[in-house]
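Asks: requesting a structural model of the entry that follows:
(chains A, B, C and D)
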2 protein chains.
Amino acid sequence: MTVPGDRRKFRREGADQRKEALVRATLELIAEEGVRGATVRAIAERAEVTQGLIRHYFSTKEDLVLAAYTRHMGAMTDQTFASAVGTTAKARLAALLVASVTPPVVDAASVGLWAGFLNHVRQDARMQDVHARTYHGFRDRLEALIAEVLRDAGRGADDRECRRLAIACNAVIDGLWLEGGALPQAFEAGELAEIAVQSVGAILGLDLTEAEAQQ
Amino acid sequence: MTVPGDRRKFRREGADQRKEALVRATLELIAEEGVRGATVRAIAERAEVTQGLIRHYFSTKEDLVLAAYTRHMGAMTDQTFASAVGTTAKARLAALLVASVTPPVVDAASVGLWAGFLNHVRQDARMQDVHARTYHGFRDRLEALIAEVLRDAGRGADDRECRRLAIACNAVIDGLWLEGGALPQAFEAGELAEIAVQSVGAILGLDLTEAEAQQ
DNA sequence: AGGTTAATTATGCAAGCGTATAATTAACCG
DNA sequence: CGGTTAATTATACGCTTGCATAATTAACCT
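Replies: This is a model prediction of the structure:
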């Protein structure tokens, strides 16, 4: 004799909101324990649904992981460039640098997410696609911004040189992003931003600190 | 009626060699699939033993993973500093930079390993210990080398400044290491080394290219 | 209101996981 | 050469995994 209320109560939601909640839960768990640690059951629990529902929206775990990755990569790039505002190219570059090494772009979860995805991306062609698109998109925009900054400063630079500078600046950004996310307690507030602006300025042979202040 | 030879043949080995083989297999698998993907059975298979043997040498999987991590971190640091030879501090710094962004330090497996370990390190106090020791050890040695280079160049720098420069240089190294390992096909041979030497030179306000050539 | 249906839960299955323990056997010693 | 023993294999247990399918039920439509 089973009492009613035995079965779990639930509210119906639109497909978009449920998918969104599942993706968010997936990202959280991948950040904490990697793709393999983000089990279907754990994801369902964090999204406050039962595991069967996942299969209703994503035909396989792999599909869910891909959706989560795509959403995350887009959000990262958008977040970073959204902060890169300013009247001059120099100011926009400085703002971009600061945003890249400051929360919420820099944080432990974000680095954890990156690490959690890395090996998975290597073994899945669809994820490699998303990655390549995002990465090169970011670097191209950075390269264009650098070219503009150099032009404003009256310093022409050919494509090869611009490419090299973009790679170097990107490396500084990535390196600081990495260290800031992996060892947050190792740096004082603003220290990473200061280092980023000074280092990229040094690489480009320009003083970016004024641009940072002015903005 | 079981025929003899049913049971697998094996050769006995010394404890050190077996442990070494198990650690190596563990590192390979963690680089490919993360800690969770490096299952006891997969490790045993790659080391060409049966899974029971792992328990004979390491009382738990966690112990094996810790041993592998400790060995890997030590090897990375040793490998990098072993290349940092030269008559002047400047030459040693240049050599260190080149080694840091060149195989075998830079390679896909190494970055995969780093990513595979990251989230695991976060959740295990013993591994955090090993990590902190290795990381700070590396940065301290880099900072000392930078201080020496600046002194040789007649440019005094207080501790705070040296620390900042070491962080920035370390970030460049890490960033290039990361990009080189994650996207090997994105760079031409020697491109990363050139960028590293030029960028760190720019950050320190010195020309390191001569030192690199002379060495 | 009450029937319909798609969103959600519940249950089950085969494979893989870490760990424990018993059975073998290669290598060493006297 | 035969006995001893530690290195190694074999087997098993309980739990978790991704996936499949059946059973419910909340919300919408007329």
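Asks: the helix or strand encompassing A:Asp129 vs chain B: in contact?
Replies: In this assignment (DSSP states H and E), A:Asp129 forms part of helix A:125-152. Yes - using C-beta under 8 Å from any C-beta of the partner chain, helix A:125-152 reaches chain B at A:Tyr135. For every residue, glycine as well, the C-beta is placed using N, CA and C.
Asks: so for the helix or strand just after that helix, what's the average pLDDT?
Replies: Next along the chain after helix A:125-152, taking DSSP H and E as the criterion, comes helix A:159-182. Mean pLDDT, helix A:159-182: 88.
Asks: now do stretch A:117-129
Replies: Mean predicted lDDT for stretch A:117-129 stands at 94.
Asks: what's it in contact with?
Replies: Outside stretch A:117-129, the residues within contact range by C-beta atoms under 8 Å, 6 or more residues apart in numbering or on different chains are A:30, A:35, A:62, A:65-66, A:69, A:72, A:131, B:31-34, B:37, B:108, B:111-112, B:115-116, B:182.
Asks: put the buried members of the residues you listed into a ChimeraX selection.
Replies: Buried members of the contacts of stretch A:117-129, defined by 16 or more other C-beta atoms under 10 Å in any protein chain shown, are picked up in ChimeraX with:
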select /A:30,35,65,66,69,72,131 /B:31,32,33,34,37,108,111,112,115,116,182
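Asks: check the residue of chain A found nearest DNA strand C and give its pLDDT.
Replies: Nearest residue of chain A to DNA strand C: A:Gly52, at 2.6 Å (C-beta to the nearest atom of the strand). The score at A:Gly52 is 97. That number is its pLDDT.
Asks: what about A:Leu183, how many neighbours?
Replies: A:Leu183 is flanked by 15 other residues according to other C-beta atoms under 10 Å in any protein chain shown.
Asks: so who does it touch?
Replies: Counting by C-beta under 8 Å, 6+ apart, A:Leu183 touches B:Tyr135.
Asks: give me that answer again for 10 Å
Replies: Counting by C-beta atoms under 10 Å, 6 or more residues apart in numbering or on different chains, A:Leu183 makes contact with A:108, A:111, B:131-132, B:135-136.
Asks: dump these to TSV, plus distance to DNA strand C.
Replies: Shown next, in TSV, are those (distance: C-beta to the nearest atom of the strand, whole Å):
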residue	distance to DNA strand C
A:Ala108	25
A:Val111	24
B:His131	21
B:Ala132	24
B:Tyr135	27
B:His136	30
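Asks: which of those sits closest to A:Thr80?
Replies: A:Val111 (14.5 Å; C-beta to C-beta).
Asks: residue nearest the centroid of chain A?
Replies: A:Met76 (3.1 Å; C-alpha atoms, centre = their mean).
Asks: and the helix or strand that one falls within with DNA strand D, contact?
Replies: Using DSSP H and E, A:Met76 maps to helix A:61-82. Yes - with C-beta under 7 Å from any atom of the strand as the measure, helix A:61-82 is seen reaching DNA strand D through A:61-62.
Asks: now do that helix, average pLDDT.
Replies: Here the average pLDDT along helix A:61-82 is 94.
Asks: before we move on, what about stretch A:10-24?
Replies: Stretch A:10-24 comes out with an average pLDDT of 96.
Asks: close to DNA strand D, is that stretch?
Replies: Yes - shown here: stretch A:10-24 in contact with DNA strand D (C-beta under 7 Å from any atom of the strand) through A:10-12.
Asks: I'd like these as CSV, with secondary structure appended.
Replies: Below are those laid out as CSV (DSSP: H, G, I helix; E, B strand; the rest coil):
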residue, secondary structure
A:Phe10, coil
A:Arg11, coil
A:Arg12, coil
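Asks: closest to B:Ala168 out of these?
Replies: A:Arg11 (51.2 Å).
Asks: can you pull the contacts of the closest one?
Replies: A:Glu48.
Asks: buried sites along stretch A:108-126?
Replies: Those would be A:108, A:110-122, A:124, for stretch A:108-126 by 16+ other C-beta under 10 Å.
Asks: in helices, which of the residues you listed appear?
Replies: Those of these mapping onto helices are A:108, A:110-122, per DSSP state H.
Asks: and these, which two are the farthest apart?
Replies: Among those, the pair separated by the greatest distance (C-beta to C-beta) is A:Ala108 and A:Arg122, at 22.6 Å.
Asks: and A:Pro104, its phi and psi?
Replies: Main-chain torsions, A:Pro104, degrees, to the nearest 10: phi -90, psi 0.
Asks: correct me, but it touches A:Ser110?
Replies: Yes - assessed by C-beta atoms under 10 Å, A:Pro104 is found in contact with A:Ser110 at 7.6 Å.
Asks: which neighbours do these two share?
Replies: With C-beta under 10 Å, 6+ apart as the test, A:Pro104 and A:Ser110 both reach A:75-76, A:79.
Asks: which of the residues you listed lies closest to B:Asp16?
Replies: A:Met76 (45.0 Å).
Asks: any idea how far the closest one is from A:Asp174?
Replies: Distance, A:Met76 to A:Asp174, by C-beta to C-beta, to the nearest Å: 12 Å.
Asks: now do A:Thr87
Replies: 27 Å.
Asks: cool, A:Leu192 as well?
Replies: Taken as C-beta to C-beta, the span from A:Leu192 to A:Asp174 is 12 Å.
Asks: A:Ser199 too?
Replies: For A:Ser199, the distance to A:Asp174 - C-beta to C-beta - is 12 Å.
Asks: one more: A:Leu165?
Replies: For A:Leu165 relative to A:Asp174 (C-beta to C-beta), the value is 15 Å.
Asks: equivalent analysis for A:Glu45, please.
Replies: For A:Glu45, the distance to A:Asp174 - C-beta to C-beta - is 33 Å.
Asks: for these two, indicate the residue with more neighbours.
Replies: A:Asp174 (22 against 14).
Asks: how is chain A divided into domains?
Replies: A:12-59, A:65-214 (automatic domain parsing).
Asks: ok, the residue in chain A that chain B sits nearest to - contacts?
Replies: Closest approach between chain A and chain B, counting by C-beta to the nearest C-beta: A:Gly175, at 2.9 Å. Neighbouring residues of A:Gly175 by C-beta under 10 Å, 6+ apart: A:101, A:195-196, A:199, B:167-179.
Asks: just give the nearest non-adjacent residue to it, would you?
Replies: B:Gly175 (2.9 Å; C-beta to C-beta, 6 or more residues apart in numbering or on different chains).
Asks: show me which residues of chain A sit near DNA strand C.
Replies: So chain A meets DNA strand C at A:6-8, A:10-13, A:15, A:18, A:49-53, A:56 (C-beta under 7 Å from any atom of the strand).
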